[in-house]
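1. need a 3D model of the sequence below.
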Amino acid sequence: MVRTPLTPEERERGERLGRLLREARGGRSMPEIAAAAGVSAETLRKIETGRAPTPAFFTVAALARALGLSLDTLAQWCGPAAAATGHPENGGGKLPVVAA
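-> Predicted coordinates:
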């Protein structure tokens, strides 16, 4: 199976997701968050560094839950409109977190 190359927008969205996850993780370790989400630390590392810019939905949802982020927050900060609208992520806005 040949995978279609990612568009620049898809790569950028993956980079935004990685930055959001790193920021939300704060001082917690990668293995700690990965274990809480039920994914490998290597998978989390790849997502955070943009090497896996299009992770599976359930992987993203599990990471969001482990980090106390809502899926709405992920969509706002990582969706296609975030880069074009000067979203708070671009200006150092504060992450809203949900109760874990």
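
2. mind exporting whichever helix in the chain runs longest as PDB, just the C-alpha atoms?
-> For the chain, the helix with the greatest residue count under DSSP state H is helix 8-25. The C-alpha trace of helix 8-25 is given here as PDB (Å, rounded to 0.1, in the frame of the first residue of the first chain):
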ATOM      1  CA  PRO A   8       2.200  21.100   4.100                       C
ATOM      2  CA  GLU A   9      -1.000  21.900   6.100                       C
ATOM      3  CA  GLU A  10      -1.200  18.300   7.500                       C
ATOM      4  CA  ARG A  11       2.500  18.500   8.500                       C
ATOM      5  CA  GLU A  12       1.900  21.900  10.200                       C
ATOM      6  CA  ARG A  13      -1.200  20.600  12.000                       C
ATOM      7  CA  GLY A  14       0.900  17.700  13.300                       C
ATOM      8  CA  GLU A  15       3.600  20.100  14.500                       C
ATOM      9  CA  ARG A  16       0.900  22.200  16.300                       C
ATOM     10  CA  LEU A  17      -0.400  19.000  18.000                       C
ATOM     11  CA  GLY A  18       3.100  18.100  19.100                       C
ATOM     12  CA  ARG A  19       3.700  21.500  20.600                       C
ATOM     13  CA  LEU A  20       0.300  21.400  22.400                       C
ATOM     14  CA  LEU A  21       1.000  18.000  23.900                       C
ATOM     15  CA  ARG A  22       4.500  19.000  25.000                       C
ATOM     16  CA  GLU A  23       3.100  22.100  26.700                       C
ATOM     17  CA  ALA A  24       0.300  20.300  28.400                       C
ATOM     18  CA  ARG A  25       2.700  17.600  29.600                       C
END
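
3. what's downstream of that helix, the next helix or strand?
-> Going down the chain from helix 8-25, the next helix or strand is helix 30-37, by DSSP states H and E.

4. orientation of that next one relative to helix 8-25 in degrees?
-> In terms of direction (axes from the mean of the first three to the mean of the last three C-alpha atoms, to 10 degrees), helix 30-37 departs from helix 8-25 by 100 degrees.
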